[in-house]
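In: When you get a sec, could you give me coordinates for this:
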Amino acid sequence: NLDDVSADYQKAFRCFQRGALDSALLIFKAIELERAAENIVSEQGRTQVLRDEYIRRDSEKNKRKRETNDALRFKAQLHQTQFEYDRAGEAFDLLIRLDSNNVSNLDVYAYYLTNQKQTDKAIILYRRCLLLTDPKGLNPAFLNNLGYLHKIRNESVTAKKMFETALEINRNLAKSNPKIILPFVAQTLNNLALLQFQNNEFSDAETSYMEAMEIYKNLGEDSSNIFLPDEALLLHNLTILHMTQHEFAKAEKYCQQAVEIRKNLANINPQIYLPLLAGTLQNLAILKSKENRLSVADSFYRESLVIYRPLAKKNPQAYLPIIAQALNNLGRLSLDVKNLRAADTMLNEALEICRGLVNQNPNDYLPIMAMVLHNLGNLHFEKHELLTAERDYIEALNIRRNFSKIDSLAYLLDLSETLNNLACLRKEKKEFSSAADGFQEALDIRRFFAKTNPNTFLPLVAETLYNYSNLRKNMREYS
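Out: Predicted structure coming up:
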């Protein structure tokens, strides 16, 4: 095909076709083919040298990259050990810049961000892990982690889908390799149970927790108690589940078991397990307050705060929200025993912490602030500071109403609590019409939940009915 050859070749070929062979050879002589071939051979040699040099340099670069990668990961771990979380984050950022497709680095950084409550960034990294490891996005480990993050963000439908997909994949894999895969099944069951609890699906949550517990106990028989931390976590979560359902005897049984395990673990590794022990101590404090052993409850709350306060100085983002909740609980306890000055101190410190956190991340911390505001409203109501109490209730109400529009199951009950108390205040102010509206809305919400879980929610229905009937009495509506 003459279209594919040089112009000189075409001229020589036409001479050949005419029989002018000498003319054809003269054309090739004029372009000095031999020297052109020698030049090409020489250039090929130089190209090979450059190629070898590139391979050598690339190999050296990859070696330095691996060494730098390992050093940065170790550096990030060291900064975390020293509670230098900003510097740890800088090291992780460099890791991702070094290689944005390294799944191990993405996974480690996303886990760090999850613990630092930076859910948006963690979701982006886990989604990248998911796509890099499976084009169909069906890696069960990353589906589980993403489900947990969506649960935190109260995106229940997305979270449930991810947990159920991860469970289906891992249950099938566990049939051929149970010792390796079943711990992952148990982990996802725990996360699914947390979501079910968040959605007030208490029976389903208990079933998921107990299946996970059975897995860990069976595995633990052959594993020298390596699953004790996981068992303690499940016991902690079962405590909260039964507390919510007012099953306090069951809750305390699980809580005491969790405390025992975590105390033993904290003696071995305080840095990891002391914060977890503090959380379990808070649950024990709540249970003691339910038993009306308020001084014991107070001591457990304060013991947990002694653990948390030094941690918050080193890692405020992780521990200040927990301190705010502990202070809120202590303030509520002080209010119950009519120690109004202590309640005021605790609740206002909690509110100050919450306002600072909300400026950084409103989605995560506004619900906590609403809880504190609600209790401050109770405090000011108790002190007959009705205008201040009303201001607190209204701010809490607005937050809870907005969040109930996003995830009604998670926030409607909290909304009903503030509606009920604000209605009580307006009854006190003789604003009967507004009070009636509040009681009615609270009653509708509580009746809705009582249909599916009467043991837990009928007492709340009764509370609002009692308040509402007193209002009707004041309005002389005796029928």
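In: in this protein, what secondary structure element scores lowest on mean pLDDT?
Out: Ranked by mean pLDDT, DSSP states H and E, the weakest helix or strand in the chain is helix 21-30, scoring a mean of 81.
In: for the longest helix seen in the chain, the distance to its chain's centre please.
Out: If you go by DSSP state H, the chain has its longest helix at helix 33-81. Put simply, helix 33-81 sits 41 Å off its chain's centre (Cα atoms, centre = their mean, to the nearest Å).
In: Number the residues from 2 up from this point.
Out: All right, first residue 2 from here; so that's helix 34-82.
In: just the angle between that helix and helix 22-31, please?
Out: Per axes from the mean of the first three to the mean of the last three Cα atoms, to 10 degrees, the angle that helix 34-82 makes with helix 22-31 is 40 degrees.
In: Would you mind identifying the next helix or strand past helix 34-82?
Out: Note on helix 34-82: by DSSP states H and E, the next helix or strand toward the C-terminus is helix 86-99.
In: Could you name the helices and strands sitting against that next one?
Out: With contacts defined as 3 or more Cβ pairs under 8 Å, 6 or more residues apart in numbering; DSSP states H and E, helix 86-99 has these neighbours: helix 34-82, helix 104-116. (Each C-beta comes from the backbone N, C-alpha and C, glycine too.)
In: which other residues reach it?
Out: Under the contact criterion Cβ atoms under 8 Å, 6 or more residues apart in numbering, helix 86-99 has outside partners 66, 69-70, 73-74, 76-78, 80-81, 103, 106-107, 109-110, 113, 117, 126, 315-316, 318-319.
In: what about dumping the CA coordinates of the least confident helix or strand of the chain to PDB?
Out: Extracted C-alpha coordinates of helix 22-31, given in PDB (Å, rounded to 0.1, in the frame of the first residue of the first chain):
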ATOM      1  CA  LEU A  22      16.200   0.700 -11.800                       C
ATOM      2  CA  ASP A  23      19.300   2.900 -11.800                       C
ATOM      3  CA  SER A  24      17.100   6.000 -11.200                       C
ATOM      4  CA  ALA A  25      15.400   4.200  -8.400                       C
ATOM      5  CA  LEU A  26      18.800   3.400  -6.700                       C
ATOM      6  CA  LEU A  27      19.900   7.000  -7.200                       C
ATOM      7  CA  ILE A  28      16.900   8.200  -5.300                       C
ATOM      8  CA  PHE A  29      17.800   6.000  -2.300                       C
ATOM      9  CA  LYS A  30      21.400   7.000  -2.600                       C
ATOM     10  CA  ALA A  31      20.500  10.600  -2.400                       C
END
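In: ok, and for that helix, which residues are buried?
Out: Judged by neighbour count using 16 or more other Cβ atoms under 10 Å, the buried positions of helix 22-31 are Ala25, Ile28.
In: Can you name every helix or strand that that helix contacts?
Out: Counting by 3+ Cβ pairs under 8 Å, 6+ apart, helix 22-31 packs on helix 8-19.
In: Would you mind getting the angle between the helix it packs on and helix 22-31?
Out: 170 degrees.
In: what about helix 8-19, average pLDDT?
Out: Helix 8-19 carries an average pLDDT of 84.
In: now swap in stretch 468-480 and tell me
Out: What stretch 468-480 shows for mean pLDDT is 82.
In: Show residues contacting that stretch.
Out: Asn421, Ala424, Cys425, Lys428, Phe433, Ala436, Ala437, Phe440, Gln441, Leu444.
In: One more pass at 7 Å, please.
Out: Asn421, Ala424, Cys425, Lys428, Phe433, Ala436, Ala437, Phe440, Leu444 (Cβ atoms under 7 Å, 6 or more residues apart in numbering).
In: correct me, but the last one touches Thr465?
Out: It refers to Leu444. Yes - counting by Cβ atoms under 7 Å, Leu444 does reach Thr465; the two are 4.7 Å apart.
In: Which one's more surrounded, the two?
Out: The neighbour comparison of Leu444 against Thr465 (other Cβ atoms under 10 Å) goes to Thr465, with 25 against 21.
In: list the contacts for the more buried one?
Out: In this structure, Thr465 makes contact with Asn421, Phe440, Ala443, Leu444, Arg447, judged by Cβ under 7 Å, 6+ apart.
In: would JSON lines of the residues you listed with pLDDT and distance to Val338 be doable?
Out: JSON lines is the format used below for the contacts of Thr465 (pLDDT from 0 to 100; distance: Cβ to Cβ, whole Å):
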{"residue": "Asn421", "pLDDT": "96", "distance to Val338": "22"}
{"residue": "Phe440", "pLDDT": "94", "distance to Val338": "28"}
{"residue": "Ala443", "pLDDT": "95", "distance to Val338": "26"}
{"residue": "Leu444", "pLDDT": "95", "distance to Val338": "30"}
{"residue": "Arg447", "pLDDT": "94", "distance to Val338": "27"}
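In: which residues are contacting the least confident helix or strand of the chain?
Out: In contact with helix 22-31 (Cβ under 7 Å, 6+ apart) are residues Asp9, Lys12, Ala13, Cys16, Phe17.
In: re the thing from before, do you know which of the helices and strands packed on helix 86-99 lies nearest Leu229?
Out: When the helices and strands packed on helix 86-99 are compared by Cβ to Cβ, helix 104-116 sits nearest Leu229, at 20.6 Å.
In: how far out from the middle of the chain is that closest one?
Out: Mean C-alpha position of helix 104-116 versus that of the full chain (Cα atoms, centre = their mean) differs by 12 Å.
In: Hey, what's the angle from it to helix 86-99? Just curious.
Out: 150 degrees.
In: give the contact list for the residue nearest in space to the middle of the chain.
Out: For the chain, the residue nearest the mean C-alpha position is Leu150 (4.1 Å; Cα atoms, centre = their mean). Listed by Cβ under 7 Å, 6+ apart, the contact set of Leu150 reads Thr115, Thr120, Ala123, Ile124, Tyr127.
In: Quick check: phi and psi at it.
Out: phi -70, psi -40 (degrees, to the nearest 10).
In: Cool, thanks, signing off.
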